[in-house]
Every structure is written in C-alpha cells, then in structure tokens.
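Novice: Give me coordinates for this.
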Amino acid sequence: MIREYREADIEHILDIWLSASIKAHSFAGSEYWQSKVSEMRDVYIPASETFVYEADEQIAGFYCLYGSTLAAVFVLPSLQGQGIGSALMDDAKSRRSCLQLSVYSQNTPSISFYKQHGFISIGEQIDEQTGQPEFIMEHYC
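Specialist: This is a model prediction of the structure:
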C-alpha cells in the first residue's frame, strides 16, 4: 500500500535513504551520505510531498515530490527488484502530468529503471554538492 508519509515514519525513511544511497552511489563515499542524514530529516523531507510503500506494517520504500521534481525514490536494498520501485514510480506519475529528475551518470541501474518508466534524458549537469556528473531526465513535460 502506498500512503502519505507520517512523522513517525522518519527513521525508517532515513534508514532506507542512507542504505540505498550508499549502495547506489558508492562513488561519492559513504561518509558523504552519512553527513547528509540531518539535512534529509530537517530540510528535504519536510519540504517535500513524501509517500511511502508499506507492506506487512514495514516501510519498504518511499518517494518525494518537490513541485514537478521527483526528488527521491528509494527502496530498501534487500527488497529491490520486487516491483516496489515500479509501484512507487507509477504512483508518482499519477500525481503529476510532468516529472523531472536528476540521476548520477554513474548510476546505470537507476538510469535504466527511469528509461523503463518512460523518462528521457534532456541534458547533463554537475551536482554542486558532490561534483559528480548527472543526467537530467523528464517524463511527459
């Protein structure tokens, strides 16, 4: 079931975000992601519309929308590949007629995932915080 985020979900969301970020973005280093946990808790999650995927009373994944930007979509690493990310993506697409996102160019599994869900690359940029190159992708904009 996908539902709106509740404040009581924050620690689960942060655990998913941290473990999935370290796995998907090892090129940035785990210390970098660990240093961003407070910012996620205090800035990014409160500023976004956040939705969680809950199964058996456990949060398995989440996504965040900030305007028409898909700011985050993460699934607990041990549950990846089971359709949770696709369910989250479908829900996000149902809430916006146009979605944009940025994804590190080294994160080829996520790029493939986004392409499978109809996103196309429209440009490239350098992430100011990590210095890593990333693609800008969009869906029906």
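
Novice: Could you tell me which strands sit next to the longest strand along the chain in the sheet, and their orientation?
Specialist: For the chain, the longest strand by residue count, based on DSSP state E, is strand 58-66. Sheet pairing of strand 58-66 (DSSP bridges) gives strand 49-55 (antiparallel), strand 69-75 (antiparallel).

Novice: what would these look like in JSON lines with mean pLDDT, distance to residue 131 and mean neighbour count?
Specialist: Glycine gets a C-beta too; all of them are placed from N, C-alpha and C. As requested, these are arranged in JSON lines below (pLDDT from 0 to 100; distance: least, CB to CB, whole Å; neighbours: other CB atoms under 10 Å):
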{"stretch": "strand 49-55", "mean pLDDT": "97", "distance to residue 131": "27", "mean neighbour count": "18"}
{"stretch": "strand 69-75", "mean pLDDT": "97", "distance to residue 131": "20", "mean neighbour count": "22"}
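
Novice: quick one, which of those is nearest to residue 14?
Specialist: strand 69-75 (10.3 Å; CB to CB).
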